[in-house]
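# below are the sequence and a predicted model; questions follow.
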Amino acid sequence: MWRIWMVMDPRKVIIVGGVLVAAIVATNHFVQLSTKYSCWLDGKGSGSCLVQKAPASASNVQHNAPLPN
């Protein structure tokens, strides 16, 4: 293992590794922020852009009703 560090400078390896990890993390964050599930940039709060108001006629519908036999 020590022969590898004789070929490569440890400081450069650590810096390049840190830059690579930071690039992966930034890419991951930007991908997640570009989805329809993150609407906090609109000022509506977390997940509030996904909430749709039900019509008044659908207010008496029973959800999660048992299946008929």
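Everything's here; your move.
# which regions of the protein sit below the pLDDT cut-off?
For the chain, residues meeting the criterion pLDDT under 70 lie at 37-63, 65.
# please go through it and pick out the longest helix.
Longest helix in the chain, counting residues (DSSP state H): helix 10-33.
# for F30, give its distance to G18.
Distance from F30 to G18, counting by CB to CB, to the nearest Å: 19 Å. Placement of C-beta: from N, CA and C, glycine included.
# alpha carbons only: can I get stretch 12-22 in PDB?
C-alpha atoms of stretch 12-22 as PDB (Å, rounded to 0.1, in the frame of the first residue of the first chain):
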ATOM      1  CA  LYS A  12      -3.700  15.800  -4.200                       C
ATOM      2  CA  VAL A  13      -5.700  12.600  -3.700                       C
ATOM      3  CA  ILE A  14      -7.600  14.000  -0.700                       C
ATOM      4  CA  ILE A  15      -8.300  17.200  -2.500                       C
ATOM      5  CA  VAL A  16      -9.500  15.500  -5.700                       C
ATOM      6  CA  GLY A  17     -11.600  13.100  -3.600                       C
ATOM      7  CA  GLY A  18     -13.200  15.900  -1.700                       C
ATOM      8  CA  VAL A  19     -14.000  17.800  -4.900                       C
ATOM      9  CA  LEU A  20     -15.500  14.600  -6.400                       C
ATOM     10  CA  VAL A  21     -17.700  14.000  -3.400                       C
ATOM     11  CA  ALA A  22     -18.800  17.600  -3.300                       C
END
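# count the residues that sit near M1.
Using other CB atoms under 10 Å, M1 has 4 neighbouring residues.
# ok, it to P10 distance?
Distance from M1 to P10, by CB to CB: 12 Å.
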